[in-house]
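Trainee: Predicted model and sequence below, questions to follow.
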Amino acid sequence: MGIKNHISKNKIFLKDNFILFISIFILNLFGYLFHFYVGRKLGPEDYGIFGSLLSLIYFIAVPMLAIQTSITEFVSGFKSKREFSKIAYLLRKSMRKMLILGIIVLIIFFALIPLISSFLKIDDFLPLFVLGFFLFFSFLIPIARGVLQGMQKFKLLGISFISEGIFKLVSGILLVSIGFGVSGAIGGFTIAYLLAFILTIYFLSKYFKIKPESFKSDEVYKFAFPVLIMLFSLTGIFTIDLVLVKHFFDEINAGYYAALSLLGKVIFFGTMSISMVMFPKVAESYAANSEYKRILYKSLLLVGLFAFGVTTFYFLFPRFTINMLFGNEYFAVSELLGLFAIFMSIFSLTYVLAFYNASIRKINYIYILIAFNILEVVLIWMFHKNLLQVVLILLGLVGALFISLLLYTLFSNERPHNNYSGV
């Protein structure tokens, strides 16, 4: 009976991974088609501006992903106890809070536009203005997706991701093609988030009909804070370099590096679904005091296999890859593609370890992440002779980070509390 149960769990795990992998693959496919169009249409100089703004989008998305992760954690616990009325309460209250917070942050962001524009050397304020509205809508959709993820409704979550990709591709290309340039590219992200949010709320409409049962929801946001630090630090690993390259290098080299970074992120975005499936499953198993470590090992294996395949392809066919996706204008970074792929491969494995520890509420490793972020800024600030030097710094840093986090995962004696009721 135990063997049959283990086989059944493996099948479900692989099935859920496959569903979300395909969904995020389609999302990223549409996203990359959009990027390749924008890269060719704008050229290296304007694409460098877009790349630096894209790094801001990643940072903007981090606080929201922290809330989504926290929502997922608590919904997973409520699901294990079938406390659906608490899920309904959490959804409603979180939506109200994020709506108010989104308005406040939007006003603050508009006030900071001149400062951001000056640092990134962007003369036109319009792309940053459009980015502000993306920021507002990004406060809302993670709540809904967090509930779907925690309930392990991966098909509906997948549809939400796919719809975002479609809306981004269609609206973004339309806006860029009629002459809005970088502002139109950012506008594609904004419209996609708005429409995907509306669709995702529709999927959760039944939870607005359930009579809510209140609980101390502050626990959700207390947990979200260390997760926020974790995600900011993880995102910083692959976005700090973009911002600093835009600051220290000329527009052409910044554009080359933005293209290189985007190609490398194929590995990260291609394996992100594995962490998303792993997180609620580990959290639910942990809440139910059942075996959960095997889920980590299977997740690391799946990430490693995918990363190895893409990295090998990049080493064998760098010029073919760049020419097919961006054009021969970007051949200057073809020799860096394989190295950058190794960096993103190791980072993707590190990402799995970080989310695993968060799912069982082991959070002291965030100090390790913060230290490596600071070290990255210092090293790139001091050593930026050429793009190769930047990539080598990233490789050394992420290798040391992975080893540090692996040792923490295996040998840490931290015993976090496990309170899903919020009482």
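Mentor: It's in. Residues are numbered from 1 along each chain as shown.

Trainee: per-residue confidence for the closest residue to Leu126 other than its chain neighbours?
Mentor: What sits nearest to Leu126 in space, not counting adjacent residues and going by CB to CB, 6 or more residues apart in numbering, is Ser183, at 4.5 Å. For glycine as for every other residue, the C-beta is placed from the backbone atoms N, C-alpha and C. For Ser183, the pLDDT comes out at 83.

Trainee: And Arg40, how close does it get to Asp124?
Mentor: 20 Å (CB to CB, to the nearest Å).

Trainee: Same check on Ile103?
Mentor: Using CB to CB, Ile103 is found at 25 Å from Asp124.

Trainee: same question, Met382
Mentor: 31 Å.

Trainee: need the longest helix for this structure.
Mentor: In the chain, with assignment by DSSP state H, the single longest helix is helix 2-80.

Trainee: Flag the shaky bits of the protein, pLDDT-wise.
Mentor: 1-10, 58-62, 217, 413-423 (pLDDT under 70).

Trainee: just the helices in it please.
Mentor: Under the criterion DSSP H, the chain contains helices at 2-80, 84-120, 126-137, 141-150, 154-175, 181-203, 218-237, 240-248, 251-287, 293-316, 318-325, 337-359, 366-382, 387-411.

Trainee: Just send these back as CSV, with distance to Lys209 too.
Mentor: CSV is the format used below for those (distance: least, CB to CB, whole Å):
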stretch, distance to Lys209
helix 2-80, 17
helix 84-120, 8
helix 126-137, 25
helix 141-150, 14
helix 154-175, 17
helix 181-203, 13
helix 218-237, 22
helix 240-248, 44
helix 251-287, 23
helix 293-316, 33
helix 318-325, 46
helix 337-359, 30
helix 366-382, 38
helix 387-411, 41
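
Trainee: from those helices, which stretch is densest packed?
Mentor: helix 141-150 (a mean of 26; mean count of other CB atoms under 10 Å).

Trainee: separation between the spatially closest residue to Leu128 that is not a sequence neighbour and Val176?
Mentor: Leaving aside its sequence neighbours, Leu128 sits nearest to Ile113 (CB to CB, 6+ apart; 4.7 Å). Taking CB to CB as the measure, Ile113 falls 21 Å from Val176.

Trainee: Likewise for Leu65?
Mentor: For Leu65, the distance to Val176 (CB to CB) stands at 26 Å.

Trainee: Arg145 too?
Mentor: For Arg145, the distance to Val176 equals 27 Å [CB to CB].

Trainee: got it, and Lys86?
Mentor: Lys86 sits 44 Å away from Val176, taking CB to CB as the criterion.

Trainee: Please verify my assumption that Phe189 contacts Phe134.
Mentor: Yes - the pair Phe189 / Phe134 is scored as a contact, 5.1 Å apart, by CB atoms under 8 Å.

Trainee: Can you check which residues contact both of these two?
Mentor: Taking CB atoms under 8 Å, 6 or more residues apart in numbering as the contact rule, Phe189 and Phe134 both touch Ile57.

Trainee: Hmm, Arg92 is touching Lys211, no?
Mentor: No - taking CB under 8 Å as the definition, Arg92 is not a contact partner of Lys211, at 11.0 Å.

Trainee: count of residues packed around Lys206?
Mentor: Around Lys206 there are 9 other residues, counting by other CB atoms under 10 Å.

Trainee: For Gly264, give me its contacts.
Mentor: Phe238, Leu337, Phe340, Ala341, Phe343, Met344.
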